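Asker: Quick one, fold the following:
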Amino acid sequence: MPEPEDVDFSVLTFDAWLKFFFALSPTRAFTWSVFDISDARRHLEHYIRFCEESRAILWLYKADAARIESVTWTLTQGTANVLWSDRLTEDIWPPEARPTHRLRLQAIEAMAIPYEDVYRYIAENFVGSAFFMWWEAVIGGFRKAYGRPAVKGDYTPDTPQEVAERDAIFATLQRILAIENLDCQLAACHGLNHLSHPHRATTVEAFIRRFSADGGDPDTLRWLYSCRDGAAM
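Answerer: Below you'll find the model as predicted:
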């Protein structure tokens with residue numbers, strides 16, 4: 001049986017693609033690169049469907065936090081690079097296999113759904129960092145693709161495409177911030193911390209006021225102020 005590293009999972013059907021990732025051992029790290037797949041567009045289409053159907057898919061594993069953590073992180077960390085890698089290495093995929101701007105926007109928007117349909121219900125007992133670190137991975141890939149500072153630092157986008165993708169990330173994080181679940185909200189603030197956006201500070205500040213009024217703990221408040229300023233780790 002071939003090792004996972006030897007399988008071009010981007011050419012699989014959606015069901016086979018899902019089976020591939022859920023068959024991976026949650027105790028063995030599987031790190032994949034954009035050079036391991038031949039069809040980025042097909043992979044993103046599968047990833048979007050995974051997000052859109054996450055309630056049905058991940059709910060089957062709600063008692064297996066290690067499996068949810070492993071699959072979610074393995075998929076998101078790799079996909080964060082797939083979204084924009086053709087900007088860095090133009091000939092990595094043929095034109096018909098490259099991500100399109102529309103597909104990037106669709107993928108970004110779909111990423112709110114696992115928070116809305118799954119994480120809000122399991123977060124209290126979930127041990128893992130995949131949902132909290134999700135947006136650091138995605139925004140890190142976005143910043144790198146446009147030649148921006150790797151993790152932090154504000155800047156002004158200089159192309160309509162970059163602005164549109166930045167604004168799509170911001171809108172998706174706003175959706176997650178609106179979920180009535182503190183773990184989802186803190187994950188959104190962590191993402192906003194890494195995003196250079198003119199409304200980051202006012203958005204996080206508004207959440208800080210609500211959190212403080214509800215008696216939020218001082219350590220989390222200090223961290224939120226850092227997120228507001230784009231200075232948290």
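Asker: For the helix or strand bottoming out on mean pLDDT in the chain, enumerate the helices and strands it packs against.
Answerer: Every helix and strand of the chain was ranked by mean pLDDT, DSSP states H and E. The lowest is helix 85-88, at a mean of 83. Packed against helix 85-88 by the contact rule (3 or more C-beta pairs under 8 Å, 6 or more residues apart in numbering; DSSP states H and E) you find helix 130-145. C-beta coordinates here come from the backbone N, C-alpha and C atoms, glycine included.
Asker: Would you mind writing the CA trace of the helix it packs on as CSV?
Answerer: The C-alpha trace of helix 130-145 is given here as CSV (Å, rounded to 0.1, in the frame of the first residue of the first chain):
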residue,chain,number,x,y,z
ALA,A,130,-6.5,23.7,14.8
PHE,A,131,-9.4,26.1,15.0
PHE,A,132,-7.5,28.8,16.9
MET,A,133,-4.5,28.6,14.6
TRP,A,134,-6.6,28.3,11.4
TRP,A,135,-6.4,31.9,10.4
GLU,A,136,-2.8,32.4,11.2
ALA,A,137,-2.1,29.8,8.6
VAL,A,138,-4.4,31.2,6.0
ILE,A,139,-3.4,34.9,6.5
GLY,A,140,0.3,33.9,6.6
GLY,A,141,-0.2,32.3,3.1
PHE,A,142,-2.0,35.4,1.9
ARG,A,143,0.6,37.8,3.2
LYS,A,144,3.5,35.8,1.7
ALA,A,145,1.8,35.5,-1.7
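Asker: what is the mean pLDDT for the next helix or strand after that helix?
Answerer: Using DSSP states H and E, the helix or strand that follows helix 130-145 towards the C-terminus is helix 160-177. For helix 160-177, mean pLDDT is 97.
Asker: Check the spacing between the nearest residue to residue 59 once chain neighbours are set aside and residue 185 real quick.
Answerer: Distances taken as C-beta to C-beta, 6 or more residues apart in numbering put residue 118 closest to residue 59, at 6.8 Å, once the chain neighbours are dropped. From residue 118 across to residue 185, the span is 15 Å (C-beta to C-beta, to the nearest Å).
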